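# Structure of the sequence below:
(chains A and B)
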Amino acid sequence: NAGVTQTPKFQVLKTGQSMTLQCAQDMNHEYMSWYRQDPGMGLRLIHYSVGAGITDQGEVPNGYNVSRSTTEDFPLRLLSAAPSQTSVYFCASSYHRGGAYNEQFFGPGTRLTVL
Amino acid sequence: AQTVTQSQPEMSVQEAETVTLSCTYDTSESDYYLFWYKQPPSRQMILVIRQEAYKQQNATENRFSVNFQKAAKSFSLKISDSQLGDAAMYFCAYRSAFTGTASKLTFGTGTRLQVTL
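Down below sits the predicted model:
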């Protein structure tokens, strides 16, 4: 299993450009999430999904769109990039089961710079 | 909303010594889970240890153990016999036990641990 994969690993955008960060998992996990990591602020939840066709907002959703058409993929779209979106982005997935052993598996992250 | 606070931005420990990283959290829920994640320079998030709030016994994983004090809302991580490979950023995280929240972690701001010879 490849686990959780993210592409690209690095990206530089100009203000106003759009792009999609890709996330895929091959573990048949129902739950998927996007987080951003900024210096001194830890990881913050952007959007999450509890299954194909179902998404919801997290703590910092503004400026980002998501959709979940398949169990495997959960892309994150930036419609008009802003310098405030410069960050490291992590995708994560987990089983739909109760308990602390519902571990979230994280992808390797995407470092995005918006000029 | 839940919050997680890590008041130590940086810590240092000598190899083979013991270090404790602090974490406090705020919640009105009675059932939840707590985690410590390690993030080495590779950026990969690695689960170190987890604790169910309903369990009184503190979790232990090899050289890693926690001191969970539910009433005080405190969840510290103790690393024994520190090794150079333990150098990393450590994040404390909270998750509600309610159904449908498995994908929603709340993280602290992290503690950077240095390990010296």
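# ok, the most centrally placed residue in chain B - contacts?
With distances taken as C-alpha atoms, centre = their mean, the residue of chain B nearest its centroid is residue B:36 (2.9 Å). The contact partners of residue B:36, by C-beta atoms under 8 Å, 6 or more residues apart in numbering or on different chains, come to B:21, B:23, B:47-50, B:64, B:66, B:75, B:77, B:90-93. C-beta here means a position set from N, CA and C on the backbone, and glycine is covered the same way.
# any idea which helix or strand carries it?
Using DSSP states H and E, residue B:36 sits within strand B:32-39.
# How about residue B:71?
When secondary structure is defined using DSSP H and E, no element contains residue B:71, which sits outside every helix and strand.
# Show me the shaky parts of chain A.
A:96-101 (pLDDT under 70).
# so is residue B:43 in a helix, a strand, or just coil?
Following DSSP: H, G, I helix; E, B strand; the rest coil, the label given to residue B:43 is coil.
# count of residues packed around it?
Neighbourhood size, residue B:43 [other C-beta atoms under 10 Å in any protein chain shown]: 17.
# where's it relative to residue B:64, distance?
20 Å (C-beta to C-beta, to the nearest Å).
# Same question for residue A:29.
Per C-beta to C-beta, residue A:29 is found 25 Å from residue B:64.
# Likewise for residue A:89?
Residue A:89 is 28 Å from residue B:64, by C-beta to C-beta.
# Comparing those two, which residue is more hemmed in?
residue A:89 (23 against 16).
# Let me see the contact set for the residue lying closest to the more buried one once chain neighbours are set aside.
Nearest residue to residue A:89, sequence neighbours excluded (C-beta to C-beta, 6 or more residues apart in numbering or on different chains): residue A:110, at 4.7 Å. Residue A:110 makes contact with A:6, A:7, A:8, A:9, A:10, A:11, A:21, A:88, A:89 under the criterion C-beta under 8 Å, 6+ apart.
# which outside residues touch stretch A:68-80?
A:13, A:16-26, A:28-30, A:32, A:34, A:46-47, A:49, A:51-55, A:63-67, A:85, A:89, A:91, A:93, A:112.
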